[in-house]
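**Q** Model the structure of this input:
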Amino acid sequence: MNLRIEPIGLVLAVIYAFACWGARKLSLDQFYLPAGIRVAALLLCPPRLWPYLFLGEYAYFAQMRYPMVEKYGLTWVILASVSLMPTVAMIVRLHRRMVATTTQAWLLSVGATSAVAVTSLNLVLMHLLWPTPDVPLLTGAARYIVGDFIGILTVVPLALLWASRRAELPWTGRFLTPSIAALALMILTGIASALITEESATAKSSLQLLMALPAIALTCLLGWRGAAIAVPSLNLIIGLTTPKPYPLAFDPTTFTTQMVMAVASIALLLFGSRITHYYHRYRIRDDGERNALKLARNSHIASEKGLRERALHIRKLGDGIEVSLREVVNWLKLQGHHEIASGLLNTAAVHSHQFRTQASMVYPTTLDHLGLYVALQAGGVRESWDQSNRMTRPRLEGDPCMLSTGLQLAAYRALTEAVSLLLEHEFGQIVVRARCGRFGSRRGILIVVALLDSVQPLSGTTVAMVDEHLAGLPLAYGGFVQCRRNRVRIVLAETAARSSARATNMPPQTWVRESTRPGQ
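**A** Numbering: from 1, shown residues only. Model prediction:
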C-alpha cells in the first residue's frame, strides 16, 4: 500500500477534534452543535481529506468516551464512535450530485437525513448494548433528531456562505447594513428573553418567537444570504440562552420553541434559496438583454463605418472625375473650342453636384464634424425633401453635439426612414421636429415626424411599416417608437459618459410633452 500522510490532513484532524470538543461544551442534546460541525467539515473538505476528518472524530470520541467504558462497555464505545462519521459521509456523498445541480435547498435534505440516521444509530446501539438504557425511545428520538437538525442548521449555512464568498456579490453597505441591524435586534431580544424569570415562561417564549421577525425581514431583503445569516443566529441565540444547570439538562419550554424555530428555519432557507434562484435568473436575463442591445449598437456602428468608407471612396472617385473633366475643359479652351468647353463645364458641375448629393445620402460625413442638425439641413436629404414640395421647415432644438456619434447616426437614419415612409404612404404636408435634452445621467433626442393636418390619422399600412422598419434601432439605444394619430414619435437615449456645457437640461417628460401639441 502506498499510503501518503499529508501534514495538512493532520492539522485538519486536530482542528476538527478541538472544534467538536469546544462545540460540545456549548451544546445540549436538544441543541447539538457537533452534528453541524461534522456535516460542514464533510461539505467543505474534498473527499481525499475525509480520512483525516474520521481521525479527528475518533480522537474526539476517544477522549470523551474512554471514561464510559466501565459503565457502558467497550463494544458500545467502539461501535458508537466509529459508525457515525462514515454514515454521514455516505449521506453527503450521495448528495454531491444534488449539490452541484440544485439550489441551496439540498441542505435541508442533508440535515434531515443525517439527523435521522445518526439518531437511529445511537438509539439502536444504546438499547442493544447498554445494560440499562435510561433514555426512552420516542422521547430520546425526538430530542436527538431536533438537536442534531438544529445543530446542522446552525453551522452548515455559515460554512456554505463562507465557501461561496467569491462566487457571490461583494459585501457592500447594501448587504452589511440590514445584516447588522437584524443581528442587533435578535441579540437584544435574546438577552431580554434570557433575563426573564422561569415563572414567566409565556413571556419568554413570546420574545424568543419575536426573534423570527428580523430573520424573516433579512431573508426577504438578501435571499439565501439573509437566510444563511438569520437562521444560524436565531438558533444560536436560543440555544445559548437555554438554562444548563447540568450537562444533560433538558428544558421542555425551550424545546417547544426550538421545534417551532426548526420549522421556521426550514421555511426561511427554502424561501431564501428561491429568492436567490429567481434573482440570478433575472440577472442572467437582464445581462442577456444588455448584451443583445450592446451587440445591436455595435452592429449598427460597424455598418455605419462601412457606409462611411464607401461614401468617402465615392467622393474620391468624384474628385478624380472632376479633375479629369477640368483637364479636358482646359485642353478644349486651348484648342479654341470655348463653347464646347463651357457646355461641358456646366454639365460637369450639375452632375458633380448630384454625385456629391447621392454620396452624402449614403453617409452624412457632415455629421461627424458639424452634428446632426447641419447634416439634415445641408446634405442631400434636405434637397430630396425640398424636391418633394411636401416638407415644411424643420424645427430643430437643442445641441446634438452633446450626443455620441452613434446615437446621432441612429437618429439620422430613423428620421430619414420615417420621413420616407410618410412621403410614400401618406398625403399632405409633413413637419419634422427634433429636440435634444438631458436629464440626470441620461441624454437623448426626441424626433417627431407628423402630418401637418392633425385631423388626418396615419394609415394602417404606415403604422405597420413603421413598426417593421423602425422598431429595432430605437430599442438598441434605449428608446422607443410610437405612432399616435397623425405623427410618429421616436425617442433615443443613452447614458452620459461626461457632462457637456452646451447640453440642454431638458427631461424626457418634456420631450414627449412637446410632441403632443395639436397638429404636430
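**Q** Contacts made by the one helix or strand Ile187 maps to with the rest, please.
**A** In the assignment (DSSP states H and E), Ile187 maps to helix 173-195. Residues from elsewhere that reach helix 173-195, judged by C-beta atoms under 8 Å, 6 or more residues apart in numbering: 169, 204, 207-208, 210-211, 213-215, 217-218, 221-222, 225-226, 229-230, 233-234, 237-238, 240-241. The way it works is simple: take the backbone N, C-alpha and C, and place the C-beta from them, glycine included.
**Q** can you check stretch 267-285 too?
**A** 103-105, 107-108, 153, 157, 215-216, 219-220, 222-228, 230-231.
**Q** out of these, which are inside helices?
**A** Using DSSP state H, the subset of those located in helices is 107-108, 153, 157, 215-216, 219-220, 222, 224-228, 230-231.
**Q** Got a quick PyMOL command for the buried subset of the residues you listed?
**A** Only the buried entries of the ones in helices among the contacts of stretch 267-285 go into this PyMOL selection, using 16 or more other C-beta atoms under 10 Å:
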select buried, resi 107+108+153+157+215+216+219+222+224+225+226+227+228+230+231
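**Q** Could you tell me which ranges of the stretch 101-250 of the chain sit under the pLDDT cut-off?
**A** Residue ranges of the stretch 101-250 of the chain with pLDDT under 70: 101-105, 134-135, 167-169, 171, 198, 244-249.
**Q** buried set for the helix holding Ile187?
**A** Using 16+ other C-beta under 10 Å as the test for burial, helix 173-195 gives Phe175, Pro178, Ser179, Ala182, Leu183, Leu185, Met186, Thr189, Gly190, Ala192, Ser193, Ala194.
**Q** so what does the helix or strand that that helix is followed by touch, helix or strand wise?
**A** Later in the chain than helix 173-195, the nearest helix or strand by DSSP H and E is helix 201-210. With contacts taken as 3 or more C-beta pairs under 8 Å, 6 or more residues apart in numbering; DSSP states H and E, helix 201-210 sits against helix 173-195, helix 252-334.
**Q** Compute the inter-axis angle for helix 201-210 and helix 252-334.
**A** Helix 201-210 runs at 20 degrees relative to helix 252-334, counting by axes from the mean of the first three to the mean of the last three C-alpha atoms, to 10 degrees.
**Q** Buried residues of helix 201-210, list them for me.
**A** Ala201, Lys204, Ser205, Leu207, Gln208, Leu209.
**Q** Please tabulate those in TSV, including the columns distance to Ala493.
**A** Listed next are those as TSV, based on distance: C-beta to C-beta, whole Å:
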residue	distance to Ala493
Ala201	63
Lys204	58
Ser205	57
Leu207	53
Gln208	53
Leu209	50
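**Q** Pull out the C-alpha coordinates of the helix holding Ile187 and format them as CSV.
**A** The C-alpha trace of helix 173-195 is given here as CSV (Å, rounded to 0.1, in the frame of the first residue of the first chain):
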residue,chain,number,x,y,z
GLY,A,173,-23.3,48.6,2.5
ARG,A,174,-26.4,47.2,0.8
PHE,A,175,-25.7,43.8,2.5
LEU,A,176,-23.9,44.8,5.7
THR,A,177,-26.4,47.4,7.0
PRO,A,178,-29.5,45.2,7.1
SER,A,179,-27.4,42.2,8.4
ILE,A,180,-26.0,44.2,11.3
ALA,A,181,-29.4,45.7,12.1
ALA,A,182,-31.2,42.3,12.1
LEU,A,183,-28.4,40.7,14.2
ALA,A,184,-28.6,43.5,16.7
LEU,A,185,-32.4,43.2,17.1
MET,A,186,-32.1,39.4,17.5
ILE,A,187,-29.4,39.7,20.1
LEU,A,188,-31.2,42.3,22.1
THR,A,189,-34.4,40.2,22.0
GLY,A,190,-32.5,37.1,23.1
ILE,A,191,-30.9,38.9,26.0
ALA,A,192,-34.3,40.2,27.1
SER,A,193,-35.7,36.7,27.0
ALA,A,194,-32.8,35.3,29.0
LEU,A,195,-33.4,37.9,31.7
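**Q** so it versus helix 201-210, what angle?
**A** Using the same axes, to 10 degrees: helix 173-195 against helix 201-210 is 170 degrees.
**Q** From Phe480, how far off is Leu195?
**A** 61 Å (C-beta to C-beta, to the nearest Å).
**Q** sec struct for Ile490, please.
**A** Of the three states, Ile490 takes strand under DSSP: H, G, I helix; E, B strand; the rest coil.
**Q** Tell me the secondary structure at the residue of the chain most remote from its centre.
**A** Within the chain, the residue lying farthest from the chain centre (C-alpha atoms, centre = their mean) is Gly336, at 79.3 Å. Here Gly336 is coil, with the state taken from three-state DSSP.
**Q** And Cys223, its phi and psi?
**A** Quick fix: residue 223 is Gly, not Cys. Here is the backbone geometry of Gly223 (degrees, to the nearest 10): phi 70, psi -130.
**Q** which residues sit against stretch 67-83?
**A** Here stretch 67-83 has contacts from 57-58, 61-62, 65-66, 121-122, 125-126, 129-131, using C-beta under 8 Å, 6+ apart.
**Q** Now which of those residues would you call buried?
**A** Applying 16+ other C-beta under 10 Å to these flags Glu57, Phe61, Leu121, Asn122, Leu125, Met126, Leu129 as buried.
**Q** Buried residues, the strand or helix carrying the fourth one. List them.
**A** For Asn122, the element it lies in under DSSP H and E is helix 106-129. Judged by neighbour count using 16+ other C-beta under 10 Å, the buried positions of helix 106-129 are 106-108, 110-119, 121-123, 125-126, 129.
**Q** May I have the residues that are in contact with the nearest residue to Ser388 once chain neighbours are set aside?
**A** Nearest non-adjacent residue to Ser388, counting by C-beta to C-beta, 6 or more residues apart in numbering: Leu423, 5.7 Å away. For Leu423, the contact set (C-beta under 8 Å, 6+ apart) comprises Ser388, Arg390, Ile430.
**Q** Setting the sequence-adjacent residues aside, check what's closest to Thr365.
**A** Per C-beta to C-beta, 6+ apart, closest to Thr365 is Ala311, 6.1 Å.
**Q** then the helix holding Asn122 to CSV, C-alphas only?
**A** This file holds the C-alpha atoms of helix 106-129, laid out as CSV (Å, rounded to 0.1, in the frame of the first residue of the first chain):
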residue,chain,number,x,y,z
TRP,A,106,-30.5,20.4,-0.7
LEU,A,107,-29.1,21.4,2.7
LEU,A,108,-32.4,20.5,4.3
SER,A,109,-32.3,17.0,2.8
VAL,A,110,-28.7,16.5,4.1
GLY,A,111,-29.6,17.8,7.5
ALA,A,112,-32.8,15.8,8.0
THR,A,113,-31.2,12.6,6.6
SER,A,114,-28.1,13.0,8.8
ALA,A,115,-30.1,13.7,11.9
VAL,A,116,-32.4,10.7,11.5
ALA,A,117,-29.6,8.4,10.6
VAL,A,118,-27.3,9.4,13.4
THR,A,119,-30.1,9.3,16.0
SER,A,120,-31.3,5.9,14.8
LEU,A,121,-27.7,4.5,15.1
ASN,A,122,-27.3,6.0,18.6
LEU,A,123,-30.6,4.7,19.9
VAL,A,124,-30.3,1.2,18.4
LEU,A,125,-26.8,0.8,19.8
MET,A,126,-27.9,2.3,23.1
HIS,A,127,-30.8,-0.1,23.6
LEU,A,128,-28.8,-3.1,22.3
LEU,A,129,-25.6,-2.6,24.2
